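S.K.: Need the 3D shape of this:
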Amino acid sequence: MHTIITSDRVSRANSGLMSLGGRKPRDTGRMSKAERVRAVLIDEILAGRLRPGKKLVEEELAARLGCSRTPVREALRHLDAIGLVQFRPRFGAIVVTLERRAMLDLFDAMMELESACADLAARGLSDDDRGKLLALPNAALAEAGAEETLLSILHRASGNPVLAEMAQTVESRLLPYWRLLNAGKTDWSLQGAAAQHRVVSAVAAGNGSEARNAMRAYVGTARSLAEHDVPLPQLP
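M.R.: Reported below is the predicted structural model:
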């Protein structure tokens, strides 16, 4: 049975990538076959249709998605690079197994990287980015599909593309855990909005040290909620 790679499915996957503040997705009409395959696989991993530990066979995926093995291979390499797929010697690619310790380690890394971005952004914020920050809706970190999020603005405003790329990689690796957090009953919408307000206020005021501390508290809020509210049966 073939899975049709529709623009709707690709858009849903792109929305998932934006949920942690990533860059604006490309126009689906301009995406390569490998990018489309990658988007569909991300969608299936985040939705749980491709379960942790599932072996991903290139020939089977190519037949199901109606393409050659080449774009599938390229997509799997990208998913390996961002931590959603793992290649095992003499076995091939599998969907990563979600682990509680890995989730907490990723949140800790995110805390350090994002706080550094917030500090740098506060010290060199342009009027344009200040206006975009102040116009953000509440809890924009969790707003799927938004063109601008708190983190995407701060990454750009940090002026450090190496740091921003590292932060985006960690965010991508957090995506499956974020899906589990959003599926649980948490107070993120309320607590996240309050924490975001403190970050925005500090960055907009040009206070680097306060922005760093506020971002640490912001990510720390998400980490705490994830640690206690991610469904226990799903993570070892």
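S.K.: any chance you could map the helices in this structure?
M.R.: Secondary structure of the chain by DSSP state H: the helices cover 7-18, 33-46, 58-65, 69-81, 100-123, 127-134, 150-158, 161-183, 188-204, 208-229.
S.K.: so which of those gets nearest Ile94?
M.R.: Across these, Ile94 has its closest neighbour in helix 69-81 (10.1 Å, CB to CB). Every residue, glycine included, has its C-beta placed from N, CA and C.
S.K.: List the buried residues of that closest one.
M.R.: Under the neighbour-count criterion of 16 or more other CB atoms under 10 Å, helix 69-81 has Pro71, Val72, Arg73, Glu74, Ala75, Leu76, His78, Leu79 buried.
S.K.: Let me see the residues that make contact with it.
M.R.: With contact meaning CB atoms under 8 Å, 6 or more residues apart in numbering, helix 69-81 is reached by 32-38, 41-42, 45, 56, 58-59, 61-62, 65, 85-87, 93, 169.
S.K.: Now do the domain split for this structure, please.
M.R.: For the chain, whose domains are defined here by automatic domain parsing, the residue ranges read 7-95, 100-234.
S.K.: can you redo these as JSON lines with mean pLDDT?
M.R.: Shown next, in JSON lines, are the domains of the chain (pLDDT from 0 to 100):
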{"stretch": "domain 7-95", "mean pLDDT": "77"}
{"stretch": "domain 100-234", "mean pLDDT": "86"}
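S.K.: could you measure His78 against Glu35, distance?
M.R.: Distance, His78 to Glu35, using CB to CB, to the nearest Å: 9 Å.
S.K.: swap in Ile45?
M.R.: Distance from Ile45 to Glu35, counting by CB to CB: 16 Å.
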